[in-house]
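Undergrad: make a model of this:
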Amino acid sequence: MVDLESEVPPLPPRYRFRDLLLGDQGWQNDDRVQVEFYMNENTFKERLKLFFIKNQRSSLRIRLFNFSLKLLSCLLYIIRVLLEKPSQGNEWSHIFWVNRSLPLWGLQVSVALISLFETILLGYLSYKGNIWEQILRIPFILEIINAVPFIISIFWPTLRNLFVPVFLNCWLAKHALENMINDLHRAIQRTQSAMFNQVLILISTLLCLIFTCICGIQHLERIGKKLNLFDSLYFCIVTFSTVGFGDVTPETWSSKLFVVAMICVALVVLPIQFEQLAYLWMERQKSGGNYSRHRAQTEKHVVLCVSSLKIDLLMDFLNEFYAHPRLQDYYVVILCPTEMDVQVRRVLQIPMWSQRVIYLQGSALKDQDLLRAKMDNAEACFILSSRCEVDRTSSDHQTILRAWAVKDFAPNCPLYVQILKPENKFHIKFADHVVCEEEFKYAMLALNCICPATSTLITLLVHTSRGQEGQQSPEQWQKMYGRCSGNEVYHIVLEESTFFAEYEGKSFTYASFHAHKKFGVCLIGIRREDNKNILLNPGPRYIMNASDICFYINITKEENSAFKNQDQQRKSNVSRSFYHGPSRLPVHSIIASMGTVAIDLQDTSCRVASGPTLALPSEGSKELRRPSIAPVLEVADSSSIQTCDLLSDQSEDETTPDEETSNLEYAKGYPPYSPYIGSSPTFCHLLQEKVPFCCLRLDKSCQHNYYEDAKAYGFKNKLIIVAAETAGNGLYNFIVPLRAYYRPKKELNPIVLLLDNPPDMHFLDAICWFPMVYYMVGSIDNLDDLLRCGVTFAANMVVVDKESTMSAEEDYMADAKTIVNVQTLFRLFSSLSIITELTHPANMRFMQFRAKDCYSLALSKLEKKERERGSNLAFMFRLPFAAGRVFSISMLDTLLYQSFVKDYMISITRLLLGLDTIPGSGFLCSMKITEEDLWIRTYARLYQKLCSSTGDVPIGIYRTESQKLTTSESQISISVEEWEDTKDAKEPGHHRSIHRNSTSSDQSDHPLLRRKSMQWARRLSRKGPKHSGKTAEKITQQRLNLYRRSERQELAELVKNRMKHLGLSTVGYDEMNDHQSTLSYILINPSPDTRLELNDVVYLIRPDPLSYLPNSEPSRKNSICNAAVQDSREETQL
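TA: Numbers count the residues shown, from 1 in each chain. Sure thing, here's the model as predicted:
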């Protein structure tokens, strides 16, 4: 028993537990047998087949050996021809018999034996029941012709000198080469280009034809001219190239017949090969071919994945991507599943782009296409959504799958993803940078209502510009606006910076003010070395460290700046002084025209207050002391910082008892319900109890209230109306910035959502906690819906582009309905501030369109010139865009592109828009310059005042100016009319009536024209007695027609009649208010010497009021002059 145990091998591990249960006897009585399983039949034939055919690597070795044998046989044939002596005579026996040496015969016999044995073996292994299929194959027949005679000669020595057409083995070598290439790429698991295979087949076919023709003619001419191999080669090349010199020609009929046969074969075979090659070339042009691995390893490239590539998207990406100097050597590989567009193809043929952009037709979901694009070697992958589809959710789903596929294939490749819907954002949290379109869109539109032209401000900041736009324009505002548009956000480590190194250990506001005063740069944010969060204006209590990363706004980054010494600066100052004399231009206009030049170092010496640069206008009494501005302290003093405690809102409780009771209904906290996953929590004004869903409906009464229109609610602040197609989750981001905790309760505007489709319960559950938020089902196409929702006393009307219009037959027609509806609103309610979102930026020229406005035509010409100069912001001079009244979400595509170079841009933009709130980080707000604030005079003094009093950091100015009235055709008609009035005493009255009829249609374009027309009509009525009664009656009738033809009055009567029909009061409707004679624009980080003007709106980054508790809580108002103007400290000269 012991001997038996020692002889039995141990059982596998899976049986040992069973042995413990059954004891030793269990496995001894077990009669089971171990069975081995094979993938194939374990026969000799199957093993041979596995070695010779199925196994890629062994099969590749067999093919290579066979290819070498065929080449060796051809080489032996050439050696035999070269060693053979020319035969004498022209007997036919020279065709059938040759002189072959014994060693050469032995080599050829050996090669023939091996080749024939290999051919028979492969035929046997590939036999599938039909023997004739194996025998009648052309390679098998050629093998028999070339090998069997040599084998017979072994047993029959007299046949050793028999001619055998061994040169035909070149065709067998070609066949072996094709099989070898296929096995090669099967073995290394790579997909070889079909173009390469076809080119290889074509070249090998051509070589085989030429070699066969050379050897055949040389052999057949043994009884003729006795040509050598070189003469045969010369004849074949001349013949196949269709040149035909005629100096070498075949003599025998057999060689002539052979040439005819070879030409026929070439005419049949070569066109087929060329046709296949041309077809593959065309297909490759469509699909784009491959991006070679050698280039991917030696050069840098990024991949752009899109579902459909439009010319606008392509040019925006290329212009923004290659605007950075360090990206000039990068290649862009476009991976798109659709065929290349005609316009895209035309652009990519331009030499500037053809050398750097590679288009590949393929899908990001296929590993083969990702391999073609060399995604694993790419520096970054940009995945963009198709916003032109009606079903935006489906577009997001495609983007998500592309992102997953790229992450699975190349996990180390940085991902830059654009998503449309915020509820789909959490699926791609793994991406390095994500831009959600609807989040940014609605947040920007919301801030446009309280900080005018925020969309324009953000757009200019995220675009790369040289600041040269508009510099050749005669308009002063265009020069200032264009120069300041070149400001962007840059970063630098404090200890490495010339701008900020000297402010180590000092407060943030001190560094921001003095850096702007000295260098013209605006320090807006900071980031600790050990913290990834960016803090915008952390406040005066923040002390700068040497390792801090500073974020600043400037024309160019510090690394590209050159600093002038003081001698050069003084010379430049002397040269500038000549403008103040003979030019007779206002001092502030000249100073503003200079702007902020990053490479010019501001004069750091103290300026005399009575100097020419900042001299105040002459005053009647010089004894009055100018109000002083407190200096900005190096280290914050709590007594010098004036801020309000926004948690207690004591500054807002100076109200009536009724208002106090209404204020008690509000609380501050985080919204209890978010409509989607991934929204950043924001501290907001909330209701203590959520409003019933029935009370959210503005136009219908319920058991809780009886109001049926906006007027009945009696709101104290003007409305903000949002016209959208559906209540998407992105609309939640419109409400949150308007209800943020830092907005004073008194300034909260009621929000009315005008929706084409009723909202769902999830959305209502999210907004029912916010105060004064209502919705109404209606459309901006319907005037009654507009009047019910309170458009007559609304401060802002936000029109969101509808998704259902995205799929227009013509791409640019997607905005047609929105543009016409906004134009109708613009004509019906001229005093209403309308903010519109468009799909295509090119359609901004149709906003507030006036066909006879010469000024708009001049701006159109300026836009074309700027585009010809290569500007990326050619549309910036359009008045609606400059004023912030129109916005296209495609402008924010550059934000994603810029993140490749500036990885902080998305975070800074989200903080500015209020999408993210970080403790200690400030927020964007604005203040308006009133008459009481004009004593500050300059932007530098305003900077100092804000930093020293409230800790705010200004970043720009929104300026509104009166438009020149002499540029429009209506004003030209007025001047002509006045010239006509001077000839009243000399010319008959009917000439004047004809001129009046010609200008009556244009009199509604501006109130001044209408006023001139009425004065002219009154003068005609006073001259009435000089004419006959019939003429006077005719003039009176024309005057009445003039009133009736006033388009503005007709529209006003239409609106009033509808309001009366709906039972609404017409008191709040101001039909004569017109803002068409003004233009507005933004100055980002203007020069310190820029003069402040009345009604300027200053953009501020205000520190977080929750980051510290102030010792004093004074009442804070919008005007700066109320904040500790009389300070006993030493006055600082700016």
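
Undergrad: quick one: residues contacting the closest residue to R528 other than its chain neighbours.
TA: Among residues not flanking R528 along the chain, D548 sits closest, at 6.3 Å (CB to CB, 6 or more residues apart in numbering). Every C-beta, even on glycine, is put in place using the N, C-alpha and C of the backbone. D548 makes contact with V493, L494, I526, R527, R528, E529, according to CB atoms under 8 Å, 6 or more residues apart in numbering.

Undergrad: got the contact list for the fifth one?
TA: So the one you mean is R528. Neighbour list for R528: N545, S547, D548 [criterion: CB under 8 Å, 6+ apart].

Undergrad: for the last one, phi and psi?
TA: According to degrees, to the nearest 10, the main-chain angles of D548 amount to phi -70, psi 150.

Undergrad: quickly note the distance from it to N531.
TA: Here D548 is placed at a distance of 10 Å from N531 (CB to CB, to the nearest Å).

Undergrad: what's the answer for the first one, then?
TA: Look at N545 and N531: by CB to CB, they are 11 Å apart.

Undergrad: now do K49
TA: 66 Å.

Undergrad: torsion angles phi and psi at N796?
TA: Dihedral angles for N796 - degrees, to the nearest 10 - are phi -140, psi 140.

Undergrad: can you count the residues close to it?
TA: The tally of other residues near N796 (other CB atoms under 10 Å) stands at 21.

Undergrad: contacting residues around it?
TA: N796 touches N448, C449, K718, I720, I721, L832, S833, I834, I835, counting by CB under 8 Å, 6+ apart.

Undergrad: so for it, what's the pLDDT?
TA: The score at N796 is 91. That number is its pLDDT.

Undergrad: in the contacts of N796, which has the lowest confidence score?
TA: Lowest pLDDT within those is found at L832 (85).

Undergrad: I'd say it and F793 touch.
TA: No. With contact defined as CB atoms under 8 Å, L832 and F793 do not form a contacting pair (9.6 Å).

Undergrad: identify the residue spatially nearest to K865, adjacent ones excluded.
TA: Q472 (7.7 Å).

Undergrad: how much space between that neighbour and S547?
TA: Q472 is 44 Å from S547, by CB to CB.

Undergrad: assign E275 to helix, strand or coil.
TA: Each residue gets one of three states, and E275 gets helix by DSSP: H, G, I helix; E, B strand; the rest coil.

Undergrad: distance check, it against Q198.
TA: E275 sits 10 Å away from Q198, going by CB to CB.

Undergrad: format the contacts of R528 as JSON lines; extra columns: pLDDT and distance to L461.
TA: JSON lines is the format used below for the contacts of R528 (pLDDT from 0 to 100; distance: CB to CB, whole Å):
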{"residue": "N545", "pLDDT": "93", "distance to L461": "26"}
{"residue": "S547", "pLDDT": "93", "distance to L461": "26"}
{"residue": "D548", "pLDDT": "93", "distance to L461": "21"}
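
Undergrad: just those residues now: which is nearest L457?
TA: Sorting the contacts of R528 by distance to L457 puts D548 at the head of the list, at 25.2 Å, by CB to CB.

Undergrad: the helix or strand containing W477 packs against which elements?
TA: Here W477 sits within helix 476-484, counting by DSSP states H and E. Applying 3 or more CB pairs under 8 Å, 6 or more residues apart in numbering; DSSP states H and E, one finds that helix 476-484 contacts helix 587-594, strand 953-962, strand 1078-1084.

Undergrad: hmm, try it at 7 Å
TA: For helix 476-484, the packing partners by 3 or more CB pairs under 7 Å, 6 or more residues apart in numbering; DSSP states H and E come out as helix 587-594, strand 1078-1084.

Undergrad: and those, which one averages the lowest pLDDT?
TA: helix 587-594 (a mean of 33).

Undergrad: about what we covered before: helix, strand or coil for the residue nearest to K865?
TA: coil.

Undergrad: what are the ranges of the strands in the stretch 701-850 of the chain?
TA: 719-724, 751-755, 773-777, 794-799, 833-838 (DSSP state E, counting those that start in this stretch).

Undergrad: for burial, what's the neighbour tally of the closest residue to R869 other than its chain neighbours?
TA: Of all residues not flanking R869 in the chain, Q468 sits nearest, at 7.6 Å (CB to CB, 6+ apart). As a burial measure, Q468 scores 15 neighbours (other CB under 10 Å).

Undergrad: may I have the phi/psi pair for Q468?
TA: Dihedral angles (degrees, to the nearest 10) for Q468: phi -100, psi 0.

Undergrad: same question for R1102.
TA: phi -90, psi 140.

Undergrad: correct me if wrong: it contacts G922.
TA: Yes. In this structure, R1102 is within contact of G922 by CB atoms under 7 Å, at 5.3 Å.

Undergrad: can you list the weak-confidence ranges in the stretch 251-400 of the chain?
TA: 283-290, 294 (pLDDT under 70).

Undergrad: now the strands: where do they sit in the stretch 151-300 of the chain?
TA: So, for the stretch 151-300 of the chain - with DSSP E, counting those that start in this stretch - there are no strands.

Undergrad: right, I'll call it a day here.
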